[in-house]
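# this one's sequence-less:
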Ligand SMILES: [Zn+2]
């Protein structure tokens, strides 16, 4: 039994003008879906993902147990950013479909997709890829996919995949389990006469990507209830990715039944109703930076973490908005560290000047000029790094990470980590690799999301999320949506379901 295995994953923030090119995918990624892989093909896909905690790793583990022979196609992912360039999309389309065609005949196809990829030329990247693959393999070869919790699931995806499964955790930690489950379902479809039917219920809502755990726990309980029915193959709910101005944006419920559509429709309705009823509970409570600074204790034995969610690179923001640097300087907050501001020019200048040199920099605000302007700062080059360190926490535990050249620039008691690539900052090992002991700081600013609560939770006092300026700010009323269907919660009060 031969199955094709592959992955094309990207979360595209259409509000960012910073397009995601093929070079972005070619760089090694310190990113949760691939764990320091670059763009991989054929046998290298299998080699890299085998024994890793990725979806493909889970698929491979189950494939071996179930006696399915995996055939690698392509594995591609990049840190979230603006839409994928037309060139990169064509490359993935040709390489994925071309390999599936060459490898035929196949008994099944398993793909790890994200579900929120948008290209310059195609709003529904996953739908288009699945449609092309369906054309190649025909109606009788099952196609199964896994999707991120933040997928914007589309009709085309539902029509062309036999089944799909989404993560249930946020921060996402169940990729491997979901991959395994997908392989098990695929094996069942190949070996039986089960002809699955999927019912998806889209909700007219925009929910923040970094959402409160409370409604999610209730929804996961509901999924277990639904899946207790032996006629149901799998059920998922998706939060959606609200920073994509596309017509099929938003959350949905999704139930796959073995044969009977009616057995999927009614639980999908119930799940959708539950999501809708809890719509006001997803948002995280946040405060202004002024209030947070005012509330800082005068003495401390653990750092306070400010999570800069609006400029979070994991949600496609630029990662260069110097909002917190400006605020900490204005309020003269010392013993602080900011991880990190993406600013290649500033890094180059620091490296040229050398450790110990004093200089004036214009920091950040060069990529995202809508939400930030450069902050002028006098300071000293404290540390120069080649960007290589050993990950210690979570996804990157014991993984050799390379984020490219980086420096620490100290200005008025604030260590600003300046980087040359869009990176993840959740592992305290990053700071320690630059000679900064995070537990000794008063304030640590991290560009990121909820994952920081897990990793920094071990050393931090209070952890405060901010809906700060950036392409991932979830005050939807400040964004100019042109394509999303209206009315939509929370932008419109009238005309939406009740
Ligand atoms: Zn996600």
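Great, that's in hand. Model, not experiment: these values are computed from the prediction.
# check which helix or strand covers residue 179.
helix 175-191 (DSSP states H and E).
# which residues touch that helix?
Helix 175-191 is contacted by residues 1, 3, 32-33, 53-63, 66, 68, 107-108, 110, 112, 142, 144-146, 162-163, 165-168, 194, 196, 233-234 when judged by Cβ atoms under 8 Å, 6 or more residues apart in numbering. Where C-beta positions appear, they are placed from N, C-alpha and C, glycine not excepted.
# any idea where the helices of the stretch 201-350 of the chain begin and end?
Assigned by DSSP state H, counting those that start in this stretch, the stretch 201-350 of the chain shows helices spanning 213-227, 261-277, 289-294, 323-330, 344-353.
# Any buried residues in the second one, and which?
So that's helix 261-277. Residues of helix 261-277 classed as buried: 263, 264, 267, 268, 270, 271, 272, 274, 275, 276 (neighbour count, 16 or more other Cβ atoms under 10 Å).
# Compile the residues you listed into a markdown table and extend it with columns for distance to residue 117 and pLDDT.
Converted to a markdown table, the buried residues of helix 261-277 look like this (distance: Cβ to Cβ, whole Å; pLDDT from 0 to 100):
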| residue | distance to residue 117 | pLDDT |
| --- | --- | --- |
| 263 | 31 | 96 |
| 264 | 26 | 98 |
| 267 | 28 | 98 |
| 268 | 24 | 98 |
| 270 | 29 | 98 |
| 271 | 24 | 98 |
| 272 | 24 | 98 |
| 274 | 27 | 97 |
| 275 | 23 | 97 |
| 276 | 26 | 96 |
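# which residue packs closest to whichever residue of the stretch 251-400 of the chain sits closest to the ion, ignoring adjacent ones?
Closest residue of the stretch 251-400 of the chain to the ion, Cβ to the ion: residue 314 (7.8 Å). Using Cβ to Cβ, 6 or more residues apart in numbering and skipping residues adjacent in sequence, the residue nearest residue 314 is residue 449, 5.5 Å away.
# do the helix or strand of the chain with the lowest mean pLDDT and the ion meet at all?
In the chain, no helix or strand scores lower on mean pLDDT, DSSP states H and E than helix 451-455, which sits at a mean of 83. No. Using Cβ under 5 Å from the ion, helix 451-455 stays clear of the ion, coming no nearer than 10.2 Å.
# now what about that helix, what contacts it?
Contact partners of helix 451-455, identified using Cβ under 8 Å, 6+ apart, comprise 171, 305, 307, 314, 393-394, 424-428, 446, 463.
# Buried residues in it, which are they?
By 16+ other Cβ under 10 Å, the buried positions in helix 451-455 come out as 451, 452, 453, 455.
# Stretch 102-119 now?
Quick answer for stretch 102-119 (16+ other Cβ under 10 Å): 103, 106-119.
# do that stretch and the ion meet?
No. Shown here: stretch 102-119 not in contact with the ion (Cβ under 5 Å from the ion), separated by at least 7.5 Å.
# average model confidence for that stretch?
Mean pLDDT, stretch 102-119: 96.
# how far is that stretch from where the chain is centred?
When distances are taken as Cα atoms, centre = their mean, to the nearest Å, stretch 102-119 is centred 19 Å away from the chain's centroid.
# swap in stretch 114-123?
Counting by Cα atoms, centre = their mean, stretch 114-123 is centred 14 Å from the centre of its parent chain.
# From residue 199, how far out is the closest residue to residue 84 other than its chain neighbours?
Nearest residue to residue 84 in three dimensions, chain neighbours excluded: residue 119, at 4.2 Å (Cβ to Cβ, 6+ apart). Distance from residue 119 to residue 199, counting by Cβ to Cβ, to the nearest Å: 28 Å.
# How about residue 253: what's its closest non-neighbour residue?
Closest to residue 253 by Cβ to Cβ, 6+ apart is residue 271, at 3.6 Å.
# one step back: okay, and which of the contacts of helix 175-191 map to strands?
Per DSSP state E, strands hold the following members of these: 3, 108, 110, 112, 144, 145, 146, 163, 165, 166, 233, 234.
# on that earlier part again, possible to save the helices of the stretch 201-350 of the chain as a markdown table with distance to residue 185?
A markdown table is the format used below for the helices of the stretch 201-350 of the chain (distance: least, Cβ to Cβ, whole Å):
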| stretch | distance to residue 185 |
| --- | --- |
| helix 213-227 | 12 |
| helix 261-277 | 14 |
| helix 289-294 | 46 |
| helix 323-330 | 45 |
| helix 344-353 | 45 |
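# how deep is residue 172 tucked in, by neighbour count?
Using other Cβ atoms under 10 Å, residue 172 has 18 neighbouring residues.
# Kindly report the same for the one 4 residues further on.
Burial of residue 176, expressed as a neighbour count using other Cβ under 10 Å, amounts to 19.
# Now do it against the ion, distance only.
Per Cβ to the ion, to the nearest Å, residue 176 is found 15 Å from the ion.
# hmm, back to that, nearest to residue 479, out of the helices of the stretch 201-350 of the chain?
Nearest of the helices of the stretch 201-350 of the chain to residue 479, taken as Cβ to Cβ: helix 323-330 at 17.3 Å.
# gap between the closest one and the chain center?
27 Å.
# what's it packed up against?
If you count contacts as 3 or more Cβ pairs under 8 Å, 6 or more residues apart in numbering; DSSP states H and E, helix 323-330 packs onto helix 289-294, strand 304-308, strand 336-342, strand 375-385, strand 414-419, strand 443-447.
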